[in-house]
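Colleague: coordinates only, sequence not included:
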């Protein structure tokens, strides 16, 4: 706002200078006209040689032309200075606006990078949690497999049908344990990382069957 006021003041000053020059030109023109009238009167009242009169007129015209040239050059210099100053002010304003825009873009870029970094850290953290969960589930499955193998080993000294029945149930138990893995992963995405106890992932009927078979295998008098 202050720059615009300054420019308006400069334009007003230039207009005033122009008015002064115009008034000066008018006065000089009036002087020339008065000199011409005086010349005519002198020629009428006195007998001056024509050559002297023409020489005086030429000198007056040459002096007037020199004055006009000086005034024109001065006016051109003032206009050129005003234009250069205005161009410099415009360039400074453009540079300031560009610097402000660059600073705003840098701030927005930093905010976006921080958000992306936070999201990346969250994704990496979730990936690590899921990897740990997968490892724990594999360990639990291996433990259950080992437990089942131990149960089958206990039945080797008993009835031959008992281990056969347990072996028939083995694919079903493995399928249920495999289905429990994606369910556990899906639940871990909505809650804290928890491990479901091993016996909760299998139907109660199968667990009861396993414990019954184990207990029955311990009694040599039991018959299938």
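Modeller: Perfect, thanks for sending it. As the structure is a prediction and not an experimental result, all values here were calculated from the model.
Colleague: show me where the chain has helices.
Modeller: Applying DSSP state H to the chain gives helices spanning 2-45, 50-154, 161-188, 204-218.
Colleague: got the domain ranges for the protein?
Modeller: Using automatic domain parsing, the domain parsing of the chain gives 2-116, 125-218.
Colleague: by mean pLDDT, show me the worst of those.
Modeller: Here the domains of the chain differ in mean pLDDT, and the lowest is domain 125-218 at a mean of 63.
Colleague: re the thing from before, turn the helices of the chain into CSV, columns for mean neighbour count.
Modeller: Bear in mind the C-beta positions are built from the backbone N, C-alpha and C, glycine included. Below are these laid out as CSV (neighbours: other Cβ atoms under 10 Å):
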stretch, mean neighbour count
helix 2-45, 11
helix 50-154, 12
helix 161-188, 14
helix 204-218, 13
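Colleague: what does stretch 94-114 contact?
Modeller: Stretch 94-114 has contacts (Cβ atoms under 8 Å, 6 or more residues apart in numbering) with no other residue.
Colleague: equivalent analysis for stretch 71-87, please.
Modeller: 7, 10, 11, 14, 17, 18, 21, 24, 25.
Colleague: how about 10 Å then?
Modeller: 3, 6-7, 10-11, 13-14, 17-18, 20-21, 24-25, 28 (Cβ atoms under 10 Å, 6 or more residues apart in numbering).
Colleague: how about stretch 28-41?
Modeller: 48, 53, 54, 56, 57, 60, 61, 63, 64, 67, 68, 71.
Colleague: pick the one among the residues you listed closest to residue 115.
Modeller: Of all the contacts of stretch 28-41, residue 115 sits closest to residue 71, with 66.4 Å by Cβ to Cβ.
Colleague: how close does the closest one sit to residue 64?
Modeller: 11 Å (Cβ to Cβ, to the nearest Å).
Colleague: mutual contacts of the two, please.
Modeller: Among the neighbours of residue 71, those also in contact with residue 64 (Cβ under 10 Å, 6+ apart) are 25, 28.
Colleague: contacting residues for residue 135?
Modeller: Residue 135 touches nothing, counting by Cβ under 10 Å, 6+ apart.
Colleague: for it, give its distance to residue 128.
Modeller: Counting by Cβ to Cβ, the gap from residue 135 to residue 128 is 11 Å.
Colleague: give me the common contacts of those two.
Modeller: Common contacts of residue 135 and residue 128 (Cβ under 10 Å, 6+ apart): none found.
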